[in-house]
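Engineer: Pasting the sequence and the predicted coordinates here, then a few questions.
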Amino acid sequence: MDRMEELGFRSETDRQIFREAAAPVELSPFGLHSGMFVPTLERQGTPEQSRKWVPLGKSFKMIGTYAQTELGHGTFIRGLETTATFDPETQEFILDSPTLSSIKYWPGNVAKTVNHCLVMAQLYTQGKCHGTHLFLVQVRNMEDHTIMPGLEIGDIGPKLGFDGVDNGFMRFNKYRIPRMNMLMRYAKVLENGDYIKPKNAKLTYGAMVMIRVFIVMDAFKTLSRAAVIAVRYSAVRRQSELRPGGEEAQVMDYQTQQYKLFPLLATSYAFLLAAEGMSQIYAKISSDIERGNLEDMPQLHALACGLKAFCTWVACEGIEVCRMSCGGHGYSHASGIPKIYANIVGACTYEGENTVMMLQTARYLSKCYIRGQRGESLPELIQYLTTDLNVKSTLGEDCSFESLVAAYSHRAARMVAVACKLQQTNKKKGMAGHDAWNKSTVPFIAATKAHCHLFIVRNFVTILSQKKIDPATHNVLSQLCTLYAVYGIVENMGEFMQDGYFNQDQVSILNRKVLALLEDIRPNAVALVDAFDYPDHLLQSCLGRYDGQVYEALYEYSKSSPLNNTDIHSSYYNYIRPMMQKRSESKNISAKL
Ligand SMILES: CC/C=C\C/C=C\C/C=C\C/C=C\CCCCC(=O)SCCNC(=O)CCNC(=O)[C@H](O)C(C)(C)COP(=O)(O)OP(=O)(O)OC[C@H]1O[C@@H](n2cnc3c(N)ncnc32)[C@H](O)[C@@H]1OP(=O)(O)O
Ligand SMILES: Cc1cc2nc3c(=O)[nH]c(=O)nc-3n(C[C@H](O)[C@H](O)[C@H](O)COP(=O)(O)OP(=O)(O)OC[C@H]3O[C@@H](n4cnc5c(N)ncnc54)[C@H](O)[C@@H]3O)c2cc1C
């Protein structure tokens, strides 16, 4: 029984939280095994395959990862070059890397850790290519962990972050696996080589949708941890005189510091609720899909793509703001923030490069816009596309939730309409469909960001209006929700103002409101970060420690630097002293000349 069994952790969420607590700063080298490899076996394997392999995975008798990306392709899955050719004589698939660019490159933990991979390869049978499919491939000997004959495997070298993950390369040379190692829940290859196609070719992409949903929660976790560190430090750090001649002020009392951090605190709460909402939508639609109902698959794909991109972009920008708000100490690894950033910023690239993901959502919005224009019914989350764009804002001094959601709906509807009209205009000019699309993708990215922003604001408001929360807590959360929405308008005013949706007085109201909310939140700021309840062990931060003993911690941290193991470093004897001696000799010579 593993430690988590002993502790009674049954739910995957609890087990993931335990794993992260056990490896808080360096991502676990088994993260992809538990987070992607095992769940994919469960969801993409037949019941028989799942029964056979999932217990091995869960008990770590089989350790795996997800090997899809190649040197030459990461985004364009249909362009992957690894081949899996069925041999009916031997009932095997022959895996091969036919070109340099086809070498698998980036898969996490493939270099040294795993003994199996789920490999995405172009399936060939009876001389025909049927597109990309997943195959379970043993890559190392289960007795001595040596690399299986026919494979070349290695590490890709140092990266910006992700130091705990041995991302690697893997090259196949006519490597044979049993027919039954193809994950056959949705597509099949029969013994005679006949191919049975899936209800939807994109079902094979299901693992990526699942991880994108996980990543929305990662965006919350990483941004909130950075916010905890920065807010706590801002309460401890005193610098400069706010009042002439007075004591040095807590930097959290500077309005500029509040304007940096409190919207990020509000964003952290908004992203937590959005991640939970996204997870609930994923659970419902993915269970429908597993029962064969694919109706909402496009909506799930679009939402997962959009939120993954939106939340990771915002989180990474926000983590950098948190780091810089801690001054010099924020730049030290002692703060814990650089490592948070280095490990999450890859999420803007992996599991779907963010721009590409946003364009997937944009493509969905474009189709929905056309359906809406025809008067067809739209899914609830998209119905705002039919908003009457002639309506102006009714926002008043109170900046009510209703007026804020209406503003975000109007902005997104207007921007989607602008992008779609440009696409249609391009077509009317005679452009081919793909050119008309490509020449409208910049406005589509902006519109999709507005679409995601609306989802998060509306979700926050909905939860506050539906959940039973004690009045005091509801009041503070309402302040955070209002700050998140008002700050988003103030920071993107052009997009809200372009068609005169707000009048000048309303713009002034919003600018006053965002500053007033900073003052409202100031008394509760530390309590709001403490509420995330991250233990010091997980934050690993001298600046964000719960007891606030920052300078003592920094001093101890510095003394522990390896450079302090000796008073005089060997570089003095090897380089500095010889250089100085040479200088003094040359000086003597020049003095004599
Ligand atoms: C260290 C680990 C620690 C912890 C782990 C635990 C949890 C995990 C948390 C974090 C992650 C940790 C580590 C990172 C691991 C990273 C792993 C990877 O990066 S794996 C590789 C990821 N690669 C990608 O995501 C590739 C992105 N590209 C694509 O998805 C596709 O190429 C594309 C961009 C969607 C295009 O696909 P394609 O060209 O085939 O399709 P079209 O664009 O032509 O569209 C056709 C049609 O299909 C619909 N569609 C596309 N994809 C999907 C889908 N997934 N689901 C449903 N429908 C889909 C699309 O909308 C179109 O529909 P239409 O408009 O025609 O109706
Ligand atoms: C930390 C990390 C961990 C990873 N782990 C894994 C793993 O475990 N398994 C795995 O298989 N892979 C993994 N990857 C690879 C990752 O999935 C790919 O890097 C990612 O999918 C992006 O693909 P790419 O590298 O081909 O980027 P590209 O698509 O080449 O991106 C380059 C540029 O091209 C643009 N672009 C590409 N296509 C379009 C388009 N259609 N329209 C507009 N612009 C476009 C992009 O926006 C980007 O600006 C990992 C990557 C990282 C960084």
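Structural biologist: Arrived safely. Ligands and ions are numbered 1, 2, ... in the order given.
Engineer: so how many other residues sit close to residue 291?
Structural biologist: Neighbourhood size, residue 291 [other C-beta atoms under 10 Å]: 8. Just so you know, the C-beta spots here come from the backbone N, C-alpha and C atoms, and that holds for glycine as well.
Engineer: now swap in residue 469 and tell me
Structural biologist: Residue 469, neighbours per other C-beta under 10 Å, totals 14.
Engineer: which SS class is it?
Structural biologist: Classification of residue 469 using DSSP: H, G, I helix; E, B strand; the rest coil returns coil.
Engineer: Now do the same for it: its pLDDT.
Structural biologist: What the model reports as pLDDT for residue 469 is 95.
Engineer: Quote the end-to-end distance of stretch 243-260.
Structural biologist: When the termini of stretch 243-260 are compared using C-alpha to C-alpha, to the nearest Å, they are 21 Å apart.
Engineer: Could you pull out the helices in the stretch 301-450 of the chain for me?
Structural biologist: Applying DSSP state H, counting those that start in this stretch to the stretch 301-450 of the chain gives helices spanning 327-331, 337-344, 354-373, 401-428, 433-438, 441-466.
Engineer: Among those helices, which comes closest to ligand 2?
Structural biologist: Among these, helix 354-373 comes nearest to ligand 2, with 3.5 Å by C-beta to the nearest ligand atom.
Engineer: angle of the closest one against helix 401-428?
Structural biologist: Here helix 354-373 runs at an angle of 90 degrees relative to helix 401-428 (axes from the mean of the first three to the mean of the last three C-alpha atoms, to 10 degrees).
Engineer: Checking my notes, residue 34 in a helix, right?
Structural biologist: Yes. Residue 34: assigned to a helix according to three-state DSSP.
Engineer: If we ignore the residues flanking it in sequence, what's nearest it?
Structural biologist: Spatial nearest neighbour of residue 34, excluding adjacent residues (C-beta to C-beta, 6 or more residues apart in numbering): residue 19 at 6.6 Å.
Engineer: Could you check how many residues crowd around the one you found?
Structural biologist: Residue 19 has 18 neighbours, counted by other C-beta under 10 Å.
Engineer: Does the helix or strand containing it reach ligand 1?
Structural biologist: Take DSSP states H and E as the rule and residue 19 turns out to sit in helix 12-22. No. Applying C-beta under 6 Å from any ligand atom, one finds helix 12-22 separated from ligand 1 by no less than 6.6 Å.
Engineer: Assign the residue of the stretch 101-250 of the chain at minimum distance from ligand 1 to helix, strand or coil.
Structural biologist: Using C-beta to the nearest ligand atom, the single residue of the stretch 101-250 of the chain nearest to ligand 1 is residue 205, 3.3 Å away. Taken by three-state DSSP, the conformation at residue 205 corresponds to helix.
Engineer: Could you find the closest non-adjacent residue to it?
Structural biologist: Leaving aside its sequence neighbours, residue 205 sits nearest to residue 77 (C-beta to C-beta, 6+ apart; 7.1 Å).
Engineer: Can you check the pLDDT for that neighbour?
Structural biologist: Note for residue 77: predicted pLDDT of 97.
Engineer: Residue 202 is in contact with that one, correct?
Structural biologist: No. Using C-beta atoms under 8 Å, residue 77 is not in contact with residue 202; the gap is 9.7 Å.
Engineer: Within range of ligand 1, give me the residues from the stretch 51-200 of the chain.
Structural biologist: Residues of the stretch 51-200 of the chain lying near ligand 1 (C-beta under 6 Å from any ligand atom): 66, 68, 69, 74, 75, 76, 77, 78, 108, 165.
Engineer: Recalculate using a threshold of 8 Å.
Structural biologist: Contacts of the stretch 51-200 of the chain with ligand 1, taken as C-beta under 8 Å from any ligand atom, map to 66, 68-69, 74-78, 106-109, 162, 164-165, 200.
Engineer: same question, the stretch 201-350 of the chain
Structural biologist: 201-203, 205-209, 211-212, 214-215, 218, 297-298, 300-302, 304-305, 346-347, 349-350.
Engineer: restrict the residues you listed to those near ligand 2?
Structural biologist: Contacts with ligand 2 within these, as defined by C-beta under 8 Å from any ligand atom: 346, 347, 349, 350.
Engineer: Any idea how many residues pack against residue 59?
Structural biologist: Using other C-beta under 10 Å, residue 59 has 11 other residues around it.
Engineer: Show me how this protein divides into domains.
Structural biologist: Here the domain parsing of the chain from automatic domain parsing is 2-198, 208-377+398-528.
Engineer: Would you format the ones you listed as CSV with distance to residue 553 included?
Structural biologist: Listed next are the domains of the chain as CSV, based on distance: least, C-beta to C-beta, whole Å:
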stretch, distance to residue 553
domain 2-198, 16
domain 208-377+398-528, 7
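Engineer: out of the ones you listed, deepest packed?
Structural biologist: Comparing the domains of the chain by mean neighbour count (mean count of other C-beta atoms under 10 Å), domain 208-377+398-528 ranks first with a mean of 19.
Engineer: gap between the two ends of it?
Structural biologist: Note: domain 208-377+398-528 ends 33 Å apart using C-alpha to C-alpha.
Engineer: what mean pLDDT does the helix holding residue 19 have?
Structural biologist: On average, helix 12-22 scores 79.
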